[in-house]
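J.: Need a 3D model of the following:
(one chain, ligands or ions: 1)
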Amino acid sequence: MTALTYEEARERSRLIDVLGYHVELDVTGGDDVFGSVTVVRFGCREPGAATFIEIRPARLRRAVLNGQDVDPAALAGNRLPLASLHAANELRVEADMPYSRTGAGLHRFTDAADGETYLALHSGLDNAQRVFAAFDQPDLKAAITAAVTVPGSWTVIGNGLAHPAGDGRWELAATPPISTYLFTLVAGPYHSVRTEHHGIPFGLHARRSLAGHLGRDAAEILDITRACFDRYREIFTEPYPYDSYDQAFVPELESGAVENPGCVTFRDEFLFPSEVTQAERQTRGMVIAHEMAHMWFGDLVTMRWWNDVWLSESFATYMGFQVLAEATGFTGAWIRGSAGRSCSGWRCSAPPAEPRSSTTPAGTPPRPASSARRAAGRPCPSQQPSRPPGRHAVRRWPARCAGFSPTGSRTCAGPWRCGQPVSPSRRAALCLRILGRTSGLTSSSSKSRSQRSGVSSG
Ligand SMILES: [Zn+2]
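T.: Numbers count the residues shown, from 1 in each chain. The predicted structure follows:
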């Protein structure tokens, strides 16, 4: 498959203007493929010119451009050539599309707990073309309507409000113009908690086997959602841009969460199976706030090309911490968040682990985890006298030590597990010391961190 280059995207956005998509999917046809029909209307600024649309089908059944058949055999990799364009064009593409098992495209998952099947679509970065025929680049925004045919017991959730239309067909309201990478669908026998806030329907969704987990945490999640929602409306002085706000906790999502307009998807590990620390609840709150910030910055306003995605993510992270601290009970969000990110940076900049010696005898037990090795035989840093640590010392500190978090346990719970009380001022000092050291990183260190981190964020 050919990846779209910046130059190709710039040329295509100069040539065409996408007016709207209508996408029809049928997911009742088995475990391997689903039916996909796309009707896309688009204008061309140079009638007679040519371009292409992307699609990655299992089988391209038919394509019709302005009433003329396009030979399916013309599909080259993921590009279907479109020649002799008019000023106004309509393209219809019919295909069988493969389900994804890796999270790229329409991911299909069967729950081992009860045998139920769930679908969730992740279109970023260029995976919308795994579901429908798309001019798959972020600056060619268009309104999208969709209809999905599903088994009778299923629920469908998407960017626009979804309504059952009978015989397993669900119709989704038109979105405002959105980038193709933000198109999503969630379908399956989901358990839902629904409410309304300022006239906007809010929904929480989880697979049935996690209904108990969702039920236990729904009040907290909705409280955070409402508080952040109100604060963003104040800050941005711009109405919420979409017709609903769903938060779906879906299985096997690659990212922590994805900011699809009107329908944020979270990995369902955020529905905790048991009691967790306050720090973990704050992390979930931060992700809720981060993704909501994207509704305005990232979704309503979107970068033209991927080289500016850093700004979208950085701004959402900044706003996430700020709004969480201002509007919810997590008033220490900045301190723990900053310390946690700094520790992540130090871990990423650490040298690779030592290779196992070739002379190590077979059957030798594996070495203990690095944090435990570092802790063994050393005094816990939370109990040591205050002194500026060297870079090496900082690396040895436990990144997840609750002593770093004013909102966490009041005794050390890091790898040292010394159990000694850690005063609030001591916790703050540890945080600030790490931040001070981290701020002195060189640009080459920063580059090294980003290259090694491989962290995906949504
Ligand atoms: Zn993000």
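J.: Leaving out sequence neighbours, find the closest residue to A128.
T.: T180 (3.9 Å; CB to CB, 6 or more residues apart in numbering). Where you see a C-beta, it was placed from the backbone N, CA and C, and this is true even at glycine.
J.: count of residues packed around the one you found?
T.: T180 has 25 neighbours, counted by other CB atoms under 10 Å.
J.: tell me the contacts of it?
T.: 123, 128-129, 134-138, 140, 142 (CB atoms under 8 Å, 6 or more residues apart in numbering).
J.: cool, D268 as well?
T.: Neighbouring residues of D268 by CB under 8 Å, 6+ apart: 206-207, 210, 249-251, 253.
J.: Please render those residues as CSV that adds neighbour count and pLDDT to the earlier fields.
T.: What follows is the contacts of D268, written out as CSV (neighbours: other CB atoms under 10 Å; pLDDT from 0 to 100):
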residue, neighbour count, pLDDT
A206, 27, 98
R207, 25, 98
L210, 19, 98
F249, 27, 98
V250, 27, 98
P251, 19, 97
L253, 23, 95
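J.: ok, so of those residues, who is nearest the ion?
T.: Nearest to the ion, judged by CB to the ion, of those is L253 at 13.2 Å.
J.: From A227, how far off is the closest one?
T.: Here the criterion is CB to CB, to the nearest Å. By it, L253 lies 24 Å from A227.
J.: L15 too?
T.: Counting by CB to CB, the gap from L15 to A227 is 45 Å.
J.: One more: G166?
T.: Distance from G166 to A227, by CB to CB: 38 Å.
J.: Looking at these two, which is more packed in?
T.: Using other CB under 10 Å as the criterion, G166 and A227 rank with A227 on top: 19 against 6.
J.: Can you verify the more buried one is assigned to a helix?
T.: Yes. Assigned with DSSP: H, G, I helix; E, B strand; the rest coil, A227 falls within a helix.
J.: wait, doesn't it sit right on T328?
T.: Yes. Contact criterion CB atoms under 8 Å: A227 and T328 qualify, at 5.1 Å.
J.: Show me which residues of this protein are close to the ion?
T.: Residues of the chain lying near the ion by CB under 5 Å from the ion: 313, 316.
J.: The residue nearest to A128 and the ion: what is the separation?
T.: According to CB to the ion, to the nearest Å, T180 stands 17 Å off from the ion.
J.: Next: E280.
T.: Relative to the ion, E280 is positioned 19 Å away (CB to the ion).
J.: Now do the contacts for the residue nearest to that residue when sequence neighbours are not counted.
T.: Excluding the flanking residues, the one nearest E280 by CB to CB, 6+ apart is F272, at 7.0 Å. Contact analysis of F272 by CB under 8 Å, 6+ apart lists 213, 217, 280.
J.: Tabulate those (CSV), appending distance to V156, neighbour count and secondary structure.
T.: As requested, those are exported to CSV (distance: CB to CB, whole Å; neighbours: other CB atoms under 10 Å; DSSP: H, G, I helix; E, B strand; the rest coil):
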residue, distance to V156, neighbour count, secondary structure
H213, 22, 19, helix
D217, 23, 20, helix
E280, 31, 13, helix
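J.: Of the residues you listed, just say which sits nearest to A9.
T.: The shortest gap between A9 and any of the contacts of F272 belongs to E280, at 39.4 Å (CB to CB).
J.: can you pull the contacts of the most centrally placed residue in the chain?
T.: Centroid check for the chain by CA atoms, centre = their mean gives V258 as the closest residue, at 2.3 Å. Contacts of V258 were listed using CB under 8 Å, 6+ apart, and they are 122, 124, 184, 264-265, 291, 458.
J.: quick one: least confident of the residues you listed?
T.: Between the contacts of V258, the one the model trusts least by pLDDT is G458, at 43.
J.: Walk me through the domains of the chain.
T.: Using automatic domain parsing, the domain parsing of the chain gives 1-103+124-180, 190-331, 395-458.
J.: Tell me the span between the first and last residue of the second one.
T.: Distance between the two ends of domain 190-331: 33 Å, counting by CA to CA, to the nearest Å.
J.: now the first one
T.: Its start and end residues considered, domain 1-103+124-180 measures 18 Å (CA to CA).
J.: Centre of the chain to that domain, how far?
T.: Here domain 1-103+124-180 shows a centroid-to-chain-centroid distance of 21 Å under the convention CA atoms, centre = their mean, to the nearest Å.
J.: any residues touching the helix or strand encompassing L19, and which ones?
T.: Using DSSP states H and E, L19 sits within strand 16-26. By CB under 8 Å, 6+ apart, the surrounding residues in contact with strand 16-26 are 34-45, 51, 85, 106, 131-132, 134-135, 140-149, 174, 183, 185.
J.: Please export the C-alpha coordinates of the helix or strand following that strand as PDB.
T.: Per DSSP H and E, the first helix or strand lying C-terminal to strand 16-26 is strand 33-44. C-alpha atoms of strand 33-44 as PDB (Å, rounded to 0.1, in the frame of the first residue of the first chain):
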ATOM      1  CA  VAL A  33     -15.700  -9.100   5.900                       C
ATOM      2  CA  PHE A  34     -18.500  -6.500   6.000                       C
ATOM      3  CA  GLY A  35     -20.300  -4.700   3.300                       C
ATOM      4  CA  SER A  36     -19.500  -1.100   2.500                       C
ATOM      5  CA  VAL A  37     -21.100   1.400   0.200                       C
ATOM      6  CA  THR A  38     -19.800   4.900  -0.100                       C
ATOM      7  CA  VAL A  39     -21.400   7.800  -2.000                       C
ATOM      8  CA  VAL A  40     -19.200  10.900  -2.000                       C
ATOM      9  CA  ARG A  41     -19.900  14.200  -3.600                       C
ATOM     10  CA  PHE A  42     -17.000  16.500  -4.400                       C
ATOM     11  CA  GLY A  43     -16.100  19.500  -6.500                       C
ATOM     12  CA  CYS A  44     -13.100  19.900  -8.800                       C
END
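J.: what angle sits between strand 33-44 and strand 16-26?
T.: Strand 33-44 and strand 16-26 meet at an angle of 160 degrees, taking axes from the mean of the first three to the mean of the last three CA atoms, to 10 degrees as the criterion.
J.: Would you mark the buried spots in strand 33-44?
T.: Neighbour counts over strand 33-44 (16 or more other CB atoms under 10 Å) mark 33-42, 44 as buried.
J.: What mean pLDDT does it get?
T.: For strand 33-44, mean pLDDT is 98.
J.: That one packs against which elements?
T.: Here strand 33-44 is seen to pack against strand 16-26, strand 88-98 when contacts are counted using 3 or more CB pairs under 8 Å, 6 or more residues apart in numbering; DSSP states H and E.
J.: so can I have CSV of the ones you listed showing mean pLDDT?
T.: Output for the helices and strands packed on strand 33-44, formatted as CSV (pLDDT from 0 to 100):
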stretch, mean pLDDT
strand 16-26, 98
strand 88-98, 98
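J.: Compile those into JSON lines and extend it with columns for mean neighbour count.
T.: Converted to JSON lines, these look like this (neighbours: other CB atoms under 10 Å):
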{"stretch": "strand 16-26", "mean neighbour count": "20"}
{"stretch": "strand 88-98", "mean neighbour count": "19"}
